[in-house]
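*Asks:* My questions are about this predicted structure, shown below with the sequence.
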Amino acid sequence: MALIDDIESYCGPPFPAGTAKYFGKGICVAPFETREEFNFTFPKGKGTDLWFSFVSHLENKGYKVQKVNEMLEISPVDQSYYNLTQRQKEEMEGRIKQGLASVASAVSDYELLAHDVRKYKELLKIIKINDEHSLRAMFIDEVDISTGPNAIKSIVVRWPTIIADFMTLGEKMPAEENVDKIKDELKISRAEAVILSTKQRLYNNWKEIFIPEVENRFRRLVAQMNSRKKSIEEYKSWLKPLIARHRLYKEGLSASNIIKETLTTPYHSPAQAISTNTTSIVAWQPFVGVEPRAGSLSINDLIKSGINPYDKFTKEKLIFNREKGLAKEHPWIMNNIEFVEEKIREITNPKNEWMKENRLYYVFLQITCDRVVMKSPSGFELEDITFHTKNWLVSQNVLLVLLLELKIMQEEFNREINQLLGITNEDEIKSEEEIDKIIEGWKKESKKEKPNKFKELKEKFLNIKTRFSKIFESLGLDTAFSRLGPYEHNFNDRFTNMYLPPLAVDFYRPHVVSYLLKEAGVGK
């Protein structure tokens, strides 16, 4: 989580002068002695036991633990492990490809059925509103035309008004087939009246057959379309966990920074049977032992401490900030404020127990475990495991942002799967947004917007305001004339004496250092 380093530059220790100038509006401090590495070498399997027992130990001590990232890389020299992993991965890939092909075929069938349904829906509309004109036009164009030389369109040379007379007949006497009555009503020759009477009889017979057939056909098409739609949903529901499982097989060399490191790392050797596994977790729990800092605060319904973690500073500097906030790595949240606020409500909900109502400060632990399994030509296997630890003391608004990033990562993982499957539900990715963008682009190309003086003045004012805010921030004037923030801001005296010692003595040392050394057998 690179975000926490950016937050630390905002809310970390206020030294050297000019750095971390927002200390007090948020707190994110990691003592140097908590940035350590623990390296142990064991027989194969004991390092894995230590890792999972350590994760369970943190949960038993009251931490909430979440995995952030994991990568796996296996040397082809270790054939048994490599073949097993590759075979499982290739089997999943084959099933995914087959499933996606089935989905594509089902979608193609669904689109054809949907097209027919739309067509028959238009016919039903014509029938239900009794649009005689449209039905007669359809009869002339698609039914009567098949009679060849006797078609109305073929004899229009002899009687130029015969098509108009046939349409008028439908308006004045749609069921009439008597030649004399047709002749007198339309004031036409008897020969034309005979032709119209014949066509009228054929039309009425066709209509009696056509209308119920359209209704029955429409019902069958809708049933088939719903069946195909259900099968598409089932295909996607079957594939979704399979794709998610495949995504968890993340190869180390898929990351660009890992590719660069393989040139110099001693563990990536094409001549040795080596597998590497990197796992990153975060863990947090309330920081207890120091009295909450009092102040004139407005009580918030969700946070009983009286300090709202989702305040103006958190929004502007830590979340919706493209330079050092969440929006730096996840720019799509700038247009999804409702999603952000929904996830914040989930995090602050007491039922989830991710944040406590009455705690202002938290212990936030970030641990990366590098596990290397080596198999020598003699057959001996050993496991080298390294724990990279870093422990922060963070205020509740900083923790809120860090937990929000976890929710965003979960959402992005879900979106990647949905994009692969083409899912478009209300709560998921909507391809209609792309269509709207295309339409808007067409509108801009076809029609230039008229100049809006008020809009131009507003944009100029906002640009000037942004420039002045950057100038004030660069000179430190934005904090010089503002209050110090709702959290502890006396770093040299109170914070170093009352907050940092308990962080090491009560949390980091017993929960991390002592446990790892004890379980690894160091000193025995």
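*Replies:* Cool, the structure landed. Numbers count the residues shown, from 1 in each chain.
*Asks:* Tell me where the model's unsure across the stretch 351-500 of the chain.
*Replies:* 422-484 (pLDDT under 70).
*Asks:* Sorry, wrong one. I was asking about the stretch 51-200 of the chain.
*Replies:* In the stretch 51-200 of the chain (pLDDT under 70), the answer is 76-82.
*Asks:* residue ranges for the helices of it, please.
*Replies:* 79-128, 132-138, 162-172, 179-186, 190-248 (DSSP state H, counting those that start in this stretch).
*Asks:* Okay, angle between the third one and helix 179-186 too, please.
*Replies:* Angle of helix 162-172 versus helix 179-186, following axes from the mean of the first three to the mean of the last three CA atoms, to 10 degrees, is 90 degrees.
*Asks:* and helix 162-172, how far out from the chain's middle?
*Replies:* 59 Å (CA atoms, centre = their mean, to the nearest Å).
*Asks:* if we can go back for a sec, what about the helices of the stretch 51-200 of the chain, which gets the closest to residue 275?
*Replies:* Taking CB to CB, helix 79-128 is the member of those nearest to residue 275, at 5.9 Å. For every residue, glycine as well, the C-beta is placed using N, CA and C.
*Asks:* burial of residue 62, as a residue count?
*Replies:* 14 (other CB atoms under 10 Å).
*Asks:* if we can go back for a sec, will you turn the helices of the stretch 51-200 of the chain into CSV that also has mean neighbour count?
*Replies:* Formatted as CSV, those follow (neighbours: other CB atoms under 10 Å):
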stretch, mean neighbour count
helix 79-128, 14
helix 132-138, 17
helix 162-172, 16
helix 179-186, 16
helix 190-248, 15
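*Asks:* Redo those helices as CSV? Include distance to residue 67.
*Replies:* Converted to CSV, the helices of the stretch 51-200 of the chain look like this (distance: least, CB to CB, whole Å):
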stretch, distance to residue 67
helix 79-128, 19
helix 132-138, 62
helix 162-172, 72
helix 179-186, 83
helix 190-248, 10
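*Asks:* of these, which approaches residue 502 most closely?
*Replies:* helix 190-248 (37.4 Å).
*Asks:* and that closest one, how far out from the chain's middle?
*Replies:* 35 Å.
*Asks:* Which strands or helices does that helix pack on?
*Replies:* Applying 3 or more CB pairs under 8 Å, 6 or more residues apart in numbering; DSSP states H and E, we find helix 190-248 packed against helix 79-128, helix 162-172, helix 179-186, helix 396-421.
*Asks:* Let me have those helices in CSV, adding distance to residue 346 as columns.
*Replies:* Formatted as CSV, the helices and strands packed on helix 190-248 follow (distance: least, CB to CB, whole Å):
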stretch, distance to residue 346
helix 79-128, 30
helix 162-172, 63
helix 179-186, 74
helix 396-421, 7
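*Asks:* and of those helices, who's closest to residue 136?
*Replies:* helix 162-172 (4.9 Å).
*Asks:* The closest one to helix 190-248, inter-axis angle?
*Replies:* Using the same axes, to 10 degrees: helix 162-172 against helix 190-248 is 80 degrees.
*Asks:* for helix 162-172, packing partners?
*Replies:* helix 132-138, helix 179-186, helix 190-248.
*Asks:* can I get those helices in JSON lines with distance to residue 490?
*Replies:* JSON lines is the format used below for the helices and strands packed on helix 162-172 (distance: least, CB to CB, whole Å):
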{"stretch": "helix 132-138", "distance to residue 490": "82"}
{"stretch": "helix 179-186", "distance to residue 490": "102"}
{"stretch": "helix 190-248", "distance to residue 490": "46"}
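*Asks:* The spatially most central residue of the chain and residue 409, how far apart?
*Replies:* Centroid-nearest residue in the chain: residue 415, 3.4 Å away (criterion: CA atoms, centre = their mean). Distance of residue 415 to residue 409, given as CB to CB, to the nearest Å: 11 Å.
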